[in-house]
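Here's my sequence, what's the structure:
(chains A and B)
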Amino acid sequence: MTDRYQTFTRTPLGQTLVKNLGLPDPTPLPRWRAGDRVIDGPVVFGAIGETDAGKAIQALLRDVGAAFSTATEGVASSSIRPKALVFDATGASTTADLTSLQRFFSPVIRQLAAAGRVIVVGRTPELAQSAEQQVAQRALEGFTRSLGKEVKRGATVNLVYVAPDAHDQLDSTLRFFLSPKSAYVSGQVTRVGTGQLVSNDPAQPLAGQVALVTGAARGIGASIAEVLVRDGATVIGVDVAQNAEPLHKVMTRLGGTELLLDVTAVDAAQRIAAHAQEHHGGIDIVVHNAGITRDKRLANMRTDTWDAVLDVNLRAPEHITAHLVETGALRDGGSIIGVSSIAGIAGNNGQTNYATSKAGVIGLVQALAPKLAEKQVRINAVAPGFIETEMTAKVPFAIREVGRRINSMQQGGQPVDVAETIAWLADPASAGVTGNVVRVCGQSMLGA
Amino acid sequence: MTEARRVAVVAGNRIPFARQDKTYRHSSNSDMLTAAINGLVDRAGLGGQEVGEVVAGAVLKHARDWNMVREVVLGSKLAATTPAYDIQQACGTGLEAAILVGNKIALGQIDAGIAGGVDTASDAPIAVNDRLRNILLDLNRAKSAQDRLKVLARVRPKDVVPEIPRNAEPRTRKSMGDHAALTALEWGITREAQDELTYRSHINLAKAYDRGFQQDLITPYLGLEKDQNLRPDTTLEKLAKLKPVFGKGETATMTAGNSTPLTDGASAVLLATDEWAAEHGLRPLAYLTHSQTAAVDYVKGAEGLLMAPAYAVPKMLARAGLTLQDFDYYEIHEAFASQVLATLKAWEDPIFCKERLGLDAPLGEIDRDKLNVNGSSLAAGHPFAATGGRILAALAKQLDENGGGRGLISICAAGGQGVVAILEK
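Sure, this is the predicted structure:
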């Protein structure tokens, strides 16, 4: 759906009003289209000393053809408008080293281009070699989260923690955060661990992969299916029989197979496994997108309303995941992506059932990530904020307006923003990315 | 208590089924059920005699017909001393009535009884809406002329809009066809397969008429001699041309052809012990040996509205010590062609049978040549409560004609229910 206010701010009259009244002025966010470069503009790279991570970052910047300059203390020259600022902070071993952040960013931050990118790479604090290093590394989170709120004009700021010896795993994650694919992802912290080195074609990272997407008929699910297919995957679209017609249309267009079932049915997992074996020989990517809301304050909540939401949003992903893993229908090296919500992090009035289910999805990720690592299976979740869909279009106007504006981007996200994030998590090259919950919320103030 | 006695199906009768608002448009449920029972009484030579009990029902029933079956008996050729009662289990009414009569016979409580069912989709009970009903009740309670005027002043134009019964599930507000369409999609039942089943239903029923099979199963009524919905000349091509009526777009497969139309009609079946039959110069056509009901939670349980027979049959088979293949005939009520096909597919599906039915192995395939050999509801029509009696009588006769054998009856019903039974000889 369209954001009429944002459209209006792009008109001359709108611009005048916005400037004089101090109204929110959301910058249109460019999205990635097939054939686009990862990053279109100069990159300034800074670091605290020379590190393996720093070398890996520079190699990647060269790889994607970015014109980049290195600077330890920013670039004061006003002639450059960097599209991205990438800072390697893995070398910070004491809090004294944090000064480098201010030295590097303060002179250059004002010059960051619209819809620019700021990426800070740190060392995973829990894996630090000393208490001092852990403190310094943990401190980075406050820096990036605050900077995210300062940069404005559609720019994003994200922190990537990399484990020792995992610098070779940074590629897919840096590509994602540099590119317009992460348009609505800001203020996030991603942990990259060690993993198998996978070198695939970044234009078709999912080639040969079979992806299951539940709730694929419309909205975010259809967008997920589309992006996964764009990236080379074959999709199995699952939805309830009520959505047979839209699912059929989407899957016909994407060349995927359709499976009509209710994910809460007792045999849903078995049916999915059987369909995958029969038509595709197995599954590599599972996206638990199917979800429902049945909002009621707890005092007015009926048992069936509570159960319906928990069944679809949490028990089904739990049960289906367990079955696909146990039976081996999900192949080794596979990737599971849950769909949580910022309601599951921040809570929301009238959504005890929904938030319980969505927080449970985070629990599922945290519980299974270490267990599934033995099979080289990864599990992560996305937590969408306000995304412009048929579902949010039904939200009353005033609440919808607030939901849209109370984030660093001052606008709602698009289904494709969720889809791109999922595609990154699904990418076999993201082998080091597991156990993460990534918010796609434009750095919403809720639960941040 | 004595040991359970064998329950024989001795005779059956029905009036031809008419399409909604056609030949029987001015006939009431009572008229049609009386006609069906009188035909049966004539055929069995029971005029003026008493039978143990008459059990029947109608799905769409007027409030004034609260004691319909007893009233019908009083107006019939049976002795006025024959007790009767009404039952209602949606489309399972007719078969359930026979099971109830059969159980009393088996227990020695009665020696013979009549089970029946009737429904009219034309002479439907239209009710005043709840607001007007309350006003009218208040009017009745009012004591003075002034009070009555006050009450009447509350009537508003919208109050005259009546409540017409809808063929929809109260809890989902979806029609049965819409429910069946969802099941058809989940089971991947194709339009072609549905049309093929529909075609066979019409051809088989037409053949049954041609060879005189229906001769002693039907009594003409209001000039109608055959089921009005029967299209002996239908072809797969004609069926393929019909537009889907449930769902839309490429995934919609259910048409007016492969779904049963709304119909008016009535049926009755005479059940008795061997001894009673012999005393009355009648002979058992077949025996009602097993029965079972089941229900599914279609509201929340992620199961199709009309899938309950898929659960009832394996329960009954386990009790009877039979497999799905141990039958010579299968009478699966064709509420919709897709319902029959989804049920058969479910029984063949290892996942369904294991996860939903808790069976180690699927029930397996049936020989389709044994299915609805004399046509079923798609051709004959389906006056809800009358279908059970139609199937019982036809299957009993078929088993008798065959010189013995075993037949399975499966009927799906609104509310996510299923009624199934076995006839043997």
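
got the residues of the stretch 251-400 of chain A near chain B?
A:260-262, A:264-268, A:270-271, A:274, A:304, A:307-308 (C-beta under 8 Å from any C-beta of the partner chain). Every residue, glycine included, has its C-beta placed from N, CA and C.

Next SSE downstream of the helix or strand of chain B with the lowest mean pLDDT?
Taking all helices and strands of chain B together, the one with the lowest average confidence (mean pLDDT, DSSP states H and E) is strand B:162-163, at a mean of 73. Per DSSP states H and E, strand B:162-163 leads on to helix B:176-186 as the next helix or strand towards the C-terminus.

Quick check: phi and psi on the residue nearest to B:P309 when sequence neighbours are not counted?
The shortest distance from B:P309 to any non-neighbouring residue, by C-beta to C-beta, 6 or more residues apart in numbering or on different chains, is to B:G418 (3.6 Å). Per-residue torsions, B:G418: phi -140, psi 140 (degrees, to the nearest 10).

ok, now how distant is B:G418 from B:A256?
B:G418 sits 25 Å away from B:A256, going by C-beta to C-beta, to the nearest Å.

so residue 361 is in which element?
You didn't say which chain, so I picked chain A. Counting by DSSP H and E, the secondary-structure element that holds A:V361 is helix A:352-373.

buried residues in that helix?
By neighbour count, with 16 or more other C-beta atoms under 10 Å in any protein chain shown as the criterion, the buried positions of helix A:352-373 are A:352-362, A:364-365, A:368-369, A:372-373.

now do stretch A:149-162
Using 16+ other C-beta under 10 Å as the burial criterion, the residues of stretch A:149-162 that qualify are A:151, A:154-162.

Sort out for me which of those residues are in strands.
The strands, defined by DSSP state E, take in A:156-162 from the buried residues of stretch A:149-162.

which of the residues of the stretch 251-400 of chain A next to chain B count as buried?
Burial of these was assessed by neighbour count (16+ other C-beta under 10 Å); the buried members are A:260-262, A:264-268, A:270-271, A:274, A:308.

Sort out for me which of these are in strands.
In strands, judged by DSSP E, the following of those are found: A:L260.

which two from the buried ones among the residues of the stretch 251-400 of chain A next to chain B end up farthest apart in space?
Spatial extent of these (C-beta to C-beta) is set by the pair A:A274 and A:A308 at 25.5 Å.

SS state for B:A79?
Following DSSP: H, G, I helix; E, B strand; the rest coil, B:A79 is assigned to coil.

what residues are up against it?
By C-beta atoms under 8 Å, 6 or more residues apart in numbering or on different chains, the contact set of B:A79 is B:48-50.

measure the closest residue to it other than its chain neighbours to chain A for me?
For B:A79, the nearest residue in space outside its immediate sequence neighbours is B:E50; the separation is 4.0 Å by C-beta to C-beta, 6+ apart. Using C-beta to the nearest C-beta, to the nearest Å, B:E50 is found at 50 Å from chain A.

which residues touch B:E50?
Under the criterion of C-beta under 8 Å, 6+ apart, the contact partners of B:E50 comprise B:78-79, B:81-82.

let's see it at 10 Å
Taking C-beta atoms under 10 Å, 6 or more residues apart in numbering or on different chains, we find B:E50 in contact with B:73, B:78-83, B:112.

Just say helix, strand or coil for it.
coil.
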